[in-house]
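# Return atomic coordinates for the entry below.
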Amino acid sequence: MVSEVERSDESHNAAEMKNSLEALSVDFIRHGIAEEPRADMEDAFRALTDEGRKRCRKIARRLKAMGWEWPIILTSPLLRARQTAELFAEEGLSKVVQVFEPLAPGGSLADLVRWQTQQDPLTALALVGHQPDLSLWVQGAIGLQSTRSHDHVQAITLKKAGLAQVRFLQGRIDYRQGSLVLLISPKVLLL
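Alright, predicted model coming up:
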């Protein structure tokens, strides 16, 4: 005879299994148009230009109109990426923007894989960062990244304020486990 406690545990385990198997869509977003590099300014402090802010806001509105929304946006600590993420949040795409240090130039997809193991299951996530890192992360997630660490061939390029969506059917971010679903140029979203 099965007790109520055992039935409860079975249904709880079934719910956990269902949640862990739910697909996860990760949107990799490059920051908007930023100030040009200058000798008198540290790269981390380069801000979005007026045009960059305007385009990001329009793109965010278009994404919102198309039904996009994320429970959380992780962003590089660099100013231009933070500003892009904050504009997206202001337009209702997310209520949470969190700085994620590995999204700074030179970060690793492995850090994102580790981060996710410490989170509740997600079905959607946005990342705002930089080139060439985001493209390399996308390539690693879908199995296009070279196995040689010094080989940084880019098969995928994200334009400023462009978006690449990778879907992980098992709900976990990992190398070679994702499928590239979308690669959207900002020009398409600005039409």
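
# Name the residues that touch stretch 105-118?
Outside stretch 105-118, the residues that touch it by C-beta atoms under 8 Å, 6 or more residues apart in numbering are 74, 76, 78, 100-102, 122, 127, 129-130, 133, 136-137, 140-141, 172-175. Placement of C-beta: from N, CA and C, glycine included.

# which element is the residue nearest in space to the middle of the chain on?
Nearest to the geometric centre of the chain sits L127, at 2.4 Å (C-alpha atoms, centre = their mean). Assigned by DSSP states H and E, L127 falls within strand 124-129.

# That strand pairs with which strands?
Here strand 124-129 is paired, per DSSP bridges, with strand 24-30 (parallel), strand 73-75 (parallel).

# from those, which stretch is densest packed?
A comparison of those by mean neighbour count, using mean count of other C-beta atoms under 10 Å, puts strand 73-75 on top with a mean of 25.

# who touches it?
Contacts for strand 73-75 (C-beta under 8 Å, 6+ apart): 81-82, 84-85, 88-89, 93-94, 96-100, 103, 112, 115, 125-129.

# again, only using 6 Å
For strand 73-75, the surrounding residues in contact (C-beta atoms under 6 Å, 6 or more residues apart in numbering) are A81, R82, A85, S94, V97, Q98, V99, F100, A126, L127, V128.

# okay, the angle between the next helix or strand after that strand and strand 24-30?
Downstream of strand 73-75, the first helix or strand assigned by DSSP H and E is helix 79-90. For helix 79-90 against strand 24-30, the angle by axes from the mean of the first three to the mean of the last three C-alpha atoms, to 10 degrees is 130 degrees.

# where are the low-confidence patches of this structure?
Along the chain, segments meeting pLDDT under 70 span 1-21, 145-153.

# coming back round to it: can I get the contacts of strand 73-75 in a markdown table including distance to A23?
Formatted as a markdown table, the contacts of strand 73-75 follow (distance: C-beta to C-beta, whole Å):
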| residue | distance to A23 |
| --- | --- |
| A81 | 26 |
| R82 | 28 |
| A85 | 23 |
| S94 | 19 |
| V97 | 23 |
| Q98 | 22 |
| V99 | 26 |
| F100 | 22 |
| A126 | 16 |
| L127 | 17 |
| V128 | 21 |
